[in-house]
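*Asks:* Starting from these lines, generate the structure:
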Amino acid sequence: MQRKFYIKSLLIALPFLLLVGYYVAADPFMVLRSYTDYDHSRVYQSEGTISWLKYKRFRALRHYDSFVMGTSTTMSFQTTYWSKYIQGSPFRMFGNNETIGDIALKLEALDRQEGQKIKNILIVLEANSLAKPQPQSGIMHAVPPEVSGQSECVFQAMFLQSFFTPKFLFPYLQYQFTHQYTYKMKGVIEPTLPTRATYTNDAVIDADNQIKATGEKYWTDGPGKPLKEHTYTVRTAPQYIYSQQRECLQRIYEICRRHQTKFKIIISPRLDKVLTNPSDVKILEEIFGKEHVFNFASRPYLAWSDYHNFYDDTHFSIALGCRILDIIYDKKITSIK
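*Replies:* Next comes the predicted model:
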């Protein structure tokens, strides 16, 4: 009787055990082993984790000392263009929906690295990036234990648990069996590769190729169609910076001060015409200096909310990113083509 119970229990547990074995072998989140190539994975990754692993992997080779940090809108600020305005070895170290709490955490981890110089920083924010002074939790915001201070066990358990969520597991297994991408796999499977440049971690943006190939059709009959059809009313975001947020920003400033870092803070332009709260901008200017804060989510830049400047409702073109860099470094303004 007891033997039958154990056999039944084993049979019930067998699919789970097989999936655990498959997870260990496949390592879909690239966190169980070290890799030379993190940029050709078909699985959407935790960008905070991958950017730190790449930084550590190539740090000795590239001697990174300049960092682009912030939300996924950092994709528009290519380090190859930024290098025209700085002296240093740049690396894009961003995270999914990154907030000031996440940025402070990673800057403090960089500060702890032996011999690490922080010569230049470009911090790219959106208005709501200012809201959370604490690091975010969950797989999409995960960073390695060396950064977060959590145990390796907790870190790995988070990824294993995410692997078993139906939202991830079913699209993932479907792709493994079919090797065919479908729209239902969006957010789980990467449709195009590579996703990033090897050494700088710059974003490789497939939308640029689509726009070159289709032109205006990208917005009239393609992925950008909702952008052309949608209209927005100008409004102002709520104030996000209070005492805890101010303390977090002060921590970021102190690290920059200690390293004598040359820094710029950019608040990204918005397609939805949401203006950054003036109170938040004022506090940023008080902490970092008015000459270092550039608010492109403000009335003077509403004309930039032309849908041609955006890939989707949150990400804007590299051409616009280059124009912003020209402006903040007080050089000749390039045209958007």
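*Asks:* so residue 199 sits in a strand?
*Replies:* No. Applying DSSP: H, G, I helix; E, B strand; the rest coil, one finds residue 199 to be coil, outside a strand.
*Asks:* give me the number of residues near it?
*Replies:* 16 (other C-beta atoms under 10 Å). No exception for glycine: its C-beta is placed from N, CA and C like everyone else's.
*Asks:* Quick one: residues contacting residue 192.
*Replies:* residue 206 (C-beta atoms under 8 Å, 6 or more residues apart in numbering).
*Asks:* ditto for residue 78
*Replies:* 200, 202-203, 318, 321-322.
*Asks:* run the last query once more with 6 Å
*Replies:* Contact analysis of residue 78 by C-beta atoms under 6 Å, 6 or more residues apart in numbering lists residue 202.
*Asks:* how close does it get to residue 174?
*Replies:* Taking C-beta to C-beta, to the nearest Å as the measure, residue 78 falls 34 Å from residue 174.
*Asks:* what does residue 22 give?
*Replies:* 14 Å.
*Asks:* residue boundaries of the strands in the stretch 101-250 of the chain?
*Replies:* With DSSP state E, counting those that start in this stretch as the criterion, the stretch 101-250 of the chain has strands at 120-125, 235-236.
*Asks:* Looking at those, which one is packed in the most?
*Replies:* Comparing the strands of the stretch 101-250 of the chain by mean neighbour count (mean count of other C-beta atoms under 10 Å), strand 120-125 ranks first with a mean of 25.
*Asks:* Please say which of residue 22 and residue 174 ends up with more neighbours.
*Replies:* residue 174 (17 against 13).
*Asks:* which residue sits closest to that one, ignoring its sequence neighbours?
*Replies:* residue 185 (7.1 Å; C-beta to C-beta, 6 or more residues apart in numbering).
*Asks:* try residue 277
*Replies:* residue 239 (4.6 Å).
*Asks:* If I look at that neighbour, what pLDDT would I see?
*Replies:* Model confidence at residue 239, expressed as pLDDT, equals 98.
*Asks:* now it: how far from residue 245?
*Replies:* Residue 239 is 10 Å from residue 245, by C-beta to C-beta.
*Asks:* Looking at the two, which has the bigger crowd around it?
*Replies:* With neighbours defined as other C-beta under 10 Å, residue 239 and residue 245 compare such that residue 245 has more, 21 against 16.
*Asks:* The residue nearest to the more buried one when sequence neighbours are not counted: neighbour count?
*Replies:* Nearest non-adjacent residue to residue 245, counting by C-beta to C-beta, 6+ apart: residue 133, 4.8 Å away. The number of residues packed near residue 133 is 20, by other C-beta under 10 Å.
*Asks:* thinking again about what came up before, of the strands of the stretch 101-250 of the chain, which approaches residue 59 most closely?
*Replies:* With distances scored as C-beta to C-beta, the stretch of the strands of the stretch 101-250 of the chain nearest to residue 59 is strand 120-125 (16.0 Å).
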